[in-house]
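Novice: Sequence plus predicted model, see below.
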Amino acid sequence: MRTDQSLIIKNATIIDGIGEQPYIGSVFINNKRIEKINSEKINIPVDKVIDASGMFLLPGIIDCHVHVMMNQYNLMDHINTPFSLNFYNSIHNLETLLLTGITSARDAGGADLGVKRALENKLLKGPKLKISITPLSITGGHLDAWMPSGIKLHLLNPPYPGNPEGICDGLPEVRKKVRQILRAGADVIKTCSTGGVLSPTDHPEFTQFSMEELKIMVAEGAMRKGIKVMAHAQGLEGIKNAIKAGVHSIEHGVMLDNEAIDLMLENNVFLVPTLLAINSVIHGDYSEKTKNKAKAIFETHQESIAKAYKSGVKIAMGTDSGVMEHGRNLEELELMCNVGLSPMESIMSATSIASQCLEINKETGNIEEGKIADLLLVKENPLTNISSLANKDNIKVILQEGEEIKNTIQYG
């Protein structure tokens, strides 16, 4: 279906994304938007009608943490992959995400302005994308590619035009690097305030960047129409530093204590757990050193997210896909339920709350008149079986801005 065609989805059980009681109704879609929602029939002449009796309509899923230029990191594959092949691989990654039900996403490092514009110009199919270009890291930090041999093994693409080197140390360097990232077209600034599991020369607990350096990142972003900072933050001290400096979201949040949680609540900071990433590293094709780092923090991570949820921290879904293969993203919903969220809350974290985190909530994230028609129609009730959303066969219709990306239902 083209975006200039009108459509009614009738008799669907509507899960609106903001936690209201589901209800049976009809949705009229025209010119990319939801024009009318009614619990009764909508009697408007349209191009197409879908009878969704017995099925469930929910907003398109939003993943706040993906890496579309990666797909299940493997060292030898990474070394032997020609630079330009990463861009061709991203075509598959992006389409896989969209067919998983992800209609919007935030790339946490790797995708540049060309990838984003290719999506906007409809040269590629994929989620609508917010980009961070490349994460900022200190020398010897999470994304410093230097190895003891002297070889540099970049987790993401090496620097190239449109993707500046992200290593910076000291206030002047940090300020200039942020400006370079913004000049390259970043929608969000990503920093690494701690080490990480995949880091070659550090550890998740290692604190990186001073408070003053982090504050400069936040200030520089604020000067550009309020561009926000997302912080890769696993160790406790680095998490607290990032929150105190004014970041918008904490990514991973492995080691949280009561003070860190209180700081998040006081400063309205989002938490993007990426529970799937740690699981995938433990069971994936990674070195024993990397797996051991993941195993060492697994239980702490689970406990931290559970504690944050119980305290009322806003949790936005993110998966870190690229660390594992794209397409498994909606497994994150069940993992969030395993640490305490209800199925409805996990859906909200992947729709309305995620849209707030990405600051696209005026346009998408819930089913509401006037919003962009990013919608999923699924066969099985996700409120009674949240894991069903991870089954692509269960997703019968995917609409992105009113365009039919997938439809296995006959019109009628």
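Specialist: Perfect, thanks for sending it.
Novice: Tell me where the stretch 301-412 of the chain has helices.
Specialist: 331-338, 343-349, 352-357 (DSSP state H, counting those that start in this stretch).
Novice: which residues are contacting the first one?
Specialist: Translated: helix 331-338. 273-276, 279, 302, 305, 315, 317-319, 343, 345-347, 349-350, 382, 386-387, 389-390 (CB atoms under 8 Å, 6 or more residues apart in numbering). Quick note: C-beta positions are derived from backbone N, CA and C, even for glycine.
Novice: List the buried residues for that helix?
Specialist: Neighbour counts over helix 331-338 (16 or more other CB atoms under 10 Å) mark 331-337 as buried.
Novice: Ile181: which of those residues is nearest?
Specialist: Glu332 (27.0 Å; CB to CB).
Novice: And the closest one, how close does it get to Lys125?
Specialist: Per CB to CB, to the nearest Å, Glu332 is found 22 Å from Lys125.
Novice: Strictly from the record, what residue spans define the domains of this structure?
Specialist: The chain breaks down into these domains under automatic domain parsing: 7-60+367-407, 61-357.
Novice: picking up where we left off before, out of the helices of the stretch 301-412 of the chain, flag the one nearest Lys130.
Specialist: Per CB to CB, nearest to Lys130 of those: helix 352-357, 9.8 Å.
Novice: Please state the offset of that closest one from the chain centre?
Specialist: Computed by CA atoms, centre = their mean, to the nearest Å, the chain-centroid distance of helix 352-357 equals 10 Å.
Novice: Mean confidence (pLDDT) on that helix, please.
Specialist: Mean pLDDT, computed over helix 352-357, is 98.
Novice: now what about that helix, what contacts it?
Specialist: In contact with helix 352-357 (CB under 8 Å, 6+ apart) are residues 17-19, 59, 61-64, 104, 106, 248-249, 270, 272, 314-318, 361, 363-366.
Novice: Mind putting the helices of the stretch 301-412 of the chain into JSON lines with distance to Leu236?
Specialist: Below are these laid out as JSON lines (distance: least, CB to CB, whole Å):
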{"stretch": "helix 331-338", "distance to Leu236": "21"}
{"stretch": "helix 343-349", "distance to Leu236": "23"}
{"stretch": "helix 352-357", "distance to Leu236": "22"}
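Novice: and Leu143, which of those helices is closest to it?
Specialist: Here helix 352-357 is closest among the helices of the stretch 301-412 of the chain (CB to CB), at 21.9 Å.
Novice: ranges for the helices of the stretch 51-200 of the chain?
Specialist: Counting by DSSP H, counting those that start in this stretch, the helices of the stretch 51-200 of the chain are 75-80, 85-100, 113-120, 171-183.
Novice: Tabulate these (a markdown table), appending distance to Ser287.
Specialist: Below are the helices of the stretch 51-200 of the chain laid out as a markdown table (distance: least, CB to CB, whole Å):
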| stretch | distance to Ser287 |
| --- | --- |
| helix 75-80 | 7 |
| helix 85-100 | 21 |
| helix 113-120 | 29 |
| helix 171-183 | 29 |
